[in-house]
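Student: Sequence unavailable; structure follows:
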């Protein structure tokens, strides 16, 4: 059983508490992948021995004596002349080459994350009226580039004693958060060739059509095609927003020394939005998606409690009723073929997809309950309990909206009998 308590108001002098801290996070575990030299050695050995295990695809063989298409000498965007490179990469021109780049994609993807948290709490009041107000802000950076989680929260509570027999307690809280959506791009740290750059320099004379292009595995066209992580982060992005408001009001009335009444009303409202975007350079067809969701839950419970002890007889009774309702609504839209990446997801109407995607759903359910319980005890040894509950649900069939659930129980505390007093 986990019991969660929150700070509430106090009587006396107003107290103010402020807390703040900053943390730095670094990578603890690493992905060990091949560097450029190891990749080229593995590639050369694979192509040299492939005929032992299958049929080689010569279009993906860039070794000079065997290449049917480009060899290292015809790939200036990736290779430069180097006769001293440990792995002998021979081009069609009879010269030896080496990779221009030796990327460590983990270093490009991850870095030190600086996070901060700030919290303030104000509490005060008198014997008959107490209050508390708390607010906080957390900014958590992710280890991955351009990733984060931000959270804003506030809570207000009040406890008022209206009279000797009546008091009211209230609380209201708000939480807003926003976080990035990584979309599985961490694979890029392990699956992109280390000989591919983040982006090619602006030098058409050397790099030709590759100048200013993002580097991808297709530039060294063997194996699975994948995009480098900086490219993906630049061209594929998402944000998820969440808002939550919860509140409650509780009324307690001590009608007399034996009879009390309690009524509470609580509500929980949630609103969320998920935006995602893929740019032109990533998928060749840019697209944007926006999904909204709302949900609201409320419940009201009212019950009387009666306790009475007369001699050896004790009686405890409870009688109550409750209502609750839950509603939700989801709306989504997606468009493609934007003439520019400028809008991202901020103007879906600017897309030109002949059949843009839309979706929606909603629902509601209600519950109405009546319940009662009677406990009787004699000398604390003989106990009898009778309960009855009537539940009505909108999920039940038309001809059986309500169900009755009675129960009876009895107990005998034999340990309190005189004949067991010596045991």
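Tutor: In hand now; what should we look at? These figures come from a predicted structure and were not determined experimentally.

Student: Please, where are all the helices along this protein?
Tutor: Assigned by DSSP state H, the helices in the chain fall at 36-49, 105-109, 188-191, 204-207, 229-235, 280-283.

Student: I'd say residue 124 and residue 130 touch.
Tutor: Yes - applying C-beta atoms under 8 Å as the test, residue 124 and residue 130 come out as touching, 7.4 Å apart. No exception for glycine: its C-beta is placed from N, CA and C like everyone else's.

Student: shared neighbours, those two?
Tutor: Taking C-beta atoms under 8 Å, 6 or more residues apart in numbering as the criterion, residue 124 and residue 130 both touch 9, 10.

Student: Please say which of those two ends up with more neighbours.
Tutor: Neighbours were tallied for residue 124 and for residue 130 using other C-beta atoms under 10 Å; the higher tally belongs to residue 130 (20 against 17).

Student: how near is that one to residue 7?
Tutor: For residue 130, the distance to residue 7 under the criterion C-beta to C-beta, to the nearest Å works out to 11 Å.

Student: coming back round to it: looking at the helices of the chain, which is buried most?
Tutor: Of all these, helix 229-235 has the most neighbours on average by mean count of other C-beta atoms under 10 Å, namely a mean of 22.

Student: who are the neighbours of that helix, in terms of helices and strands?
Tutor: Based on contacts counted as 3 or more C-beta pairs under 8 Å, 6 or more residues apart in numbering; DSSP states H and E, the elements that helix 229-235 packs against are helix 105-109, helix 188-191, helix 280-283.

Student: For that helix, give me every contacting residue.
Tutor: Helix 229-235 is contacted from outside by 105, 108-109, 144-146, 183, 185-186, 188-189, 192, 198-199, 214-216, 227, 278-282, using C-beta under 8 Å, 6+ apart.

Student: which ones are touching residue 165?
Tutor: Listed by C-beta under 8 Å, 6+ apart, the contact set of residue 165 reads 253, 254, 255.

Student: of all those residues, which comes closest to residue 55?
Tutor: residue 253 (86.9 Å; C-beta to C-beta).

Student: Show me what the spatially closest residue to residue 360 that is not a sequence neighbour is bridged to.
Tutor: Distances taken as C-beta to C-beta, 6 or more residues apart in numbering place residue 331 nearest to residue 360, at 4.9 Å, with adjacent residues excluded. Note on residue 331: beta-bridge partners residue 292, residue 360, judged by DSSP bridges.

Student: Count the neighbours of residue 331 for me.
Tutor: Under the neighbour criterion other C-beta under 10 Å, residue 331 is assigned a count of 15.

Student: just to revisit the earlier point, could you dump the helices and strands packed on helix 229-235 into JSON lines with mean pLDDT and distance to residue 36 added?
Tutor: JSON lines is the format used below for those (pLDDT from 0 to 100; distance: least, C-beta to C-beta, whole Å):
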{"stretch": "helix 105-109", "mean pLDDT": "91", "distance to residue 36": "12"}
{"stretch": "helix 188-191", "mean pLDDT": "85", "distance to residue 36": "15"}
{"stretch": "helix 280-283", "mean pLDDT": "75", "distance to residue 36": "24"}
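
Student: Can you check which of those helices gets nearest to residue 95?
Tutor: Once C-beta to C-beta is applied to these, the stretch that comes out nearest is helix 105-109, at 28.8 Å.

Student: tell me how far that closest one is from the chain's mean position?
Tutor: What separates the centre of helix 105-109 from the centre of its chain is 24 Å, taken as C-alpha atoms, centre = their mean, to the nearest Å.
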